[in-house]
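Whatever this is, show me its structure:
(one chain, ligands or ions: 2)
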Amino acid sequence: MQGLTPLHEAQKTVFEATKTLGLEKVSLLDALDRVLGEDIVAARDNPPWDNSAMDGFAVRWEDIKQEHAITKPVVLRVIEDVPAGKVATKSVSPGQAIRIMTGAPIPKGADTVVKVEETESSEGTVKVFKEVERGGNIRPQGEDVKKGDCIIAKGMQIRPAEAGMLAILAKSFVLVYQRPRVAILSTGDELADLDERFDEDKIINSNSYGIAAAVQEAGGIPILLGIARDQPAALKEKIAHGLNADILVLSGGVSMGDYDFTKAVFKDLGAEMNFWKLAIRPGQPLAFGKIQGKLAFGLPGNPVSSMVTFEQLVRPAMLKMGGHRSYGRPIVQAVFQEKFSKRTDRRHFLRGILRRENNVLTVRTTGDQGSGILTSMVKANGLIDVPEEVERLNPGDTVNVQVLSGQF
Ligand code: AMP
Ligand code: MG
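Ligands and ions are numbered 1, 2, ... in the order given. As a prediction, this is how the structure comes out:
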């Protein structure tokens with residue numbers, strides 16, 4: 001009998017078989033969460049010119065540098081009033097000031113801005129009550145972005161901050177990696193889909209929907225192929241459709257039962273496949289390989305097993321395809337709150353609830369960890385990664401947790 005395959009070995013095999021997809025151009029408004037396929041190099045400085053950080057008066061520092069400004073304010077002649085969006089036409093000579101707005105370019109001759117709050121205006125003149133250091137209240141050209149610098153690197157995911165920066169750099173279209181298209185097929189005679197009449201003796205096909213959501217969360221496009229009955233011909237036909245996508249994900253039918261035809265059909269289609277018994281729990285039986293150049297995964301049918309194996313194998317492959325720079329979930333260390341014991345032959349992924357208690361990150365399990373207990377995933381915000389060699393955990397032990405959602 002075939003032995004157990006450690007997860008990291010399976011991950012390595014999947015990784016080596018996974019190629020990054022090509023690029024496409026999208027408009028900036030469609031770019032959120034997409035992965036940049038080009039280095040973004042600044043074509044100009046930002047800000048493009050020295051500009052005022054305040055509403056106030058552009059002055060020459062030489063004119064206002066004095067110690068007793070409050071009792072003996074300097075009086076300057078205001079030679080121009082520049083409204084927002086306009087540029088000064090005059091330059092500031094000794095004894096003069098130009099009134100400007102925040103963001104306005106600094107007029108020639110001036111080297112300092114005095115805030116309006118520290119002045120008092122009357123007809124044609126302004127009194128300055130406070131000394132400002134030379135260059136005060138001026139935002140220098142290029143303080144944010146320098147022309148020629150790489151501001152956002154290829155492989156970065158576009159968040160609101162990057163979207164704003166792309167706009168500053170006048171990029172209304174950007175090159176991004178294509179999103180992996182993932183065909184999803186559930187197998188089993190016992191399954192009924194949501195749009196079918198629901199009989200008492202049927203199990204609702206929940207995997208297709210859970211996996212579709214996981215595909216979307218990982219930045220992919222799910223393509224639902226529905227349910228294949230447990231007959232080789234039916235399975236073959238559906239799989240053939242799925243091969244138009246970048247990845248094919250099946251659930252169910254990979255065990256040793258009489259109606260588990262996935263392996264046979266994969267082989268029939270000429271696939272180079274690995275049929276693993278993974279050294280993890282949940283999620284032991286797993287098929288992976290290439291059929292006609294496309295990645296194909298046969299995940300276990302139990303809802304929790306299919307989700308956990310998707311997390312550990314399909315999601316990283318999708319992220320690599322999609323041009324990401326790292327492929328894992330964030331990992332945090334947390335203080336385990338329970339007792340737990342297991343055999344030392346498998347790595348366990350316990351569904352966990354991360355919480356911050358008195359500024360310490362703690363984690364407890366969601367309760368029953370059976371592979372059919374989908375509420376264990378619903379309650380969880382993390383997967384507690386218990387390595388193969390660990391036999392028991394006690395309250396107070398530190399564990400690594402893969403963060404599934406940011407709410408804790
Ligand atoms: P299998 O791996 O085909 O033996 O399936 C194992 C268990 O998972 C069975 O109890 C199935 O009813 C359940 N199962 C398989 N496929 C699905 C699915 N698409 N949705 C929900 N449960 C499923
Ligand atoms: Mg089945």
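
Specify the local secondary structure of residue 241.
For residue 241, the reduced secondary structure class is helix; criterion used: DSSP: H, G, I helix; E, B strand; the rest coil.

Check the spacing between it and residue 223 real quick.
Taking C-beta to C-beta, to the nearest Å as the measure, residue 241 falls 9 Å from residue 223. For glycine as for every other residue, the C-beta is placed from the backbone atoms N, C-alpha and C.

Those two: which is more packed in?
Neighbours around residue 241 and residue 223, counted as other C-beta atoms under 10 Å, are more numerous at residue 223. The numbers are 19 against 14.

Leaving out sequence neighbours, find the closest residue to the more buried one.
Spatial nearest neighbour of residue 223, chain neighbours left out: residue 183 (4.6 Å); criterion: C-beta to C-beta, 6 or more residues apart in numbering.

Could you list the paired strands of the helix or strand where that neighbour lies along with their orientation?
Under the criterion of DSSP states H and E, residue 183 resides in strand 181-187. Within its sheet, and counting by DSSP bridges, strand 181-187 is paired with strand 221-228 (parallel), strand 247-251 (parallel).

Select, out of those, the one closest to residue 294.
Nearest to residue 294, of all the strands paired with strand 181-187, is strand 247-251, at 6.0 Å by C-beta to C-beta.

Keeping just the C-alphas, turn that closest one into PDB.
Backbone C-alpha positions of strand 247-251 (Å, rounded to 0.1, in the frame of the first residue of the first chain) are rendered in PDB as follows:
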ATOM      1  CA  ILE A 247      -7.700  24.600 -13.500                       C
ATOM      2  CA  LEU A 248     -10.100  21.800 -13.000                       C
ATOM      3  CA  VAL A 249     -11.300  21.100  -9.500                       C
ATOM      4  CA  LEU A 250     -13.400  18.000  -8.800                       C
ATOM      5  CA  SER A 251     -14.700  17.000  -5.400                       C
END
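
picking that back up, shared neighbours of residue 241 and residue 223, which are they?
residue 183 (C-beta atoms under 8 Å, 6 or more residues apart in numbering).

re earlier: and the residue nearest to residue 223, what are its bridge partners?
For residue 183, the beta-bridge assignment (DSSP bridges) gives partners residue 223, residue 248.

Can you check the pLDDT for it?
As summarised for this prediction, residue 183 has a pLDDT of 98.

Could you double-check that it lies in contact with residue 225?
Yes. Between residue 183 and residue 225 there is a contact at 5.5 Å, judged by C-beta atoms under 8 Å.

These two: who's more crowded?
Neighbour tally, residue 183 and residue 225, criterion other C-beta under 10 Å: the higher count belongs to residue 183, 24 against 20.

For residue 195, see how far away the more buried one is.
In this structure, residue 183 and residue 195 are 19 Å apart, going by C-beta to C-beta.

Now do the strand or helix carrying residue 216 against strand 247-251, angle only.
Element membership for residue 216, per DSSP H and E: helix 207-217. Going by axes from the mean of the first three to the mean of the last three C-alpha atoms, to 10 degrees, helix 207-217 is angled at 150 degrees with respect to strand 247-251.

Spell out which parts of this protein neighbour ligand 2.
Where the chain comes near ligand 2, counting by C-beta under 5 Å from the ion, the residues are 188, 252-253, 301.

Can you check what pLDDT the model gives residue 63?
According to the predicted model, the pLDDT of residue 63 comes to 92.

Assess the claim that it and residue 73 are in contact.
No. Residue 63 sits out of contact with residue 73 when judged by C-beta under 8 Å, with a separation of 11.7 Å.

Same list as before, the strands paired with strand 181-187 that is, but in a markdown table and with mean pLDDT included.
Conversion of those to a markdown table gives the following (pLDDT from 0 to 100):
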| stretch | mean pLDDT |
| --- | --- |
| strand 221-228 | 97 |
| strand 247-251 | 97 |
